[in-house]
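[1] Curious how this folds, go ahead:
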Amino acid sequence: MADQKERTKKTTVPSEPQATKTPAEEAEEKPKSPLDEVMSQAEKAYAAYMDAERQVARAYHENETQVAKAYKRAEAQAYRSYEATITKALKDRDEALARAAKTREELIQRAEEAYRAAVDTACANSEAAVAEAVRGRDENVEKAWQVRDQTIEQAWQIYSKIAR
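    Numbers count the residues shown, from 1 in each chain. Take a look at the predicted model:
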């Protein structure tokens, strides 16, 4: 068993650098026992396993990087969408306020014009009513003077008849 461990150590950690040999050259150099062959296959299998494990780790790392990039893209897109929505909402609000202010000014102007027209109409009606009242008063005063004059005339006629 100790002999097998020493062989494994020798094959896994070479103490001297060796030139790369093809498997055919190695097979011709030394006769291999079935245990050496199994050990060699086990070492190759372990090396393949370690390589596969590194590839899996690299693939997981690459996947993690891609997921992080996708998340950042989605986050940036959400932020841009949020900013665009906020900007549009503020623009719509400003436009609505401008329209409301314009409508308000137009309504105030119309109300002032209607008020002026109502005042002018009221003044004209009042002046016409006053003029009519003055005319009516003058006519009534004139009639009253006529009635007075007629009454005085009649009184003088009656007096003159009596006094004669």
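
[2] Summarise which helices and strands the one helix or strand residue 153 maps to is packed against.
    Secondary structure here is read from DSSP states H and E; on that basis residue 153 sits in helix 34-163. Helices and strands touching helix 34-163, as assessed by 3 or more C-beta pairs under 8 Å, 6 or more residues apart in numbering; DSSP states H and E, comprise helix 2-12. Placement of C-beta: from N, CA and C, glycine included.

[3] For the helix it packs on, the averaged confidence score.
    For helix 2-12, the mean pLDDT works out to 46.

[4] State the pLDDT value of residue 158.
    Model confidence at residue 158, expressed as pLDDT, equals 82.

[5] try the one 3 residues further on
    Among the per-residue scores, residue 161 holds a pLDDT of 80.

[6] and it, how many neighbours does it have?
    Other residues within reach of residue 161 by the criterion other C-beta atoms under 10 Å amount to 8.

[7] ok, now how distant is it from residue 154?
    Residue 161 is 11 Å from residue 154, where distance means C-beta to C-beta, to the nearest Å.

[8] Could you do residue 128 as well?
    Summarising the geometry, the distance separating residue 128 from residue 154, computed by C-beta to C-beta, is 38 Å.

[9] ok now the helix holding residue 153, how far from the chain's centre?
    Taking the mean C-alpha point of helix 34-163 and that of its whole chain, the gap between them comes to 18 Å (C-alpha atoms, centre = their mean, to the nearest Å).
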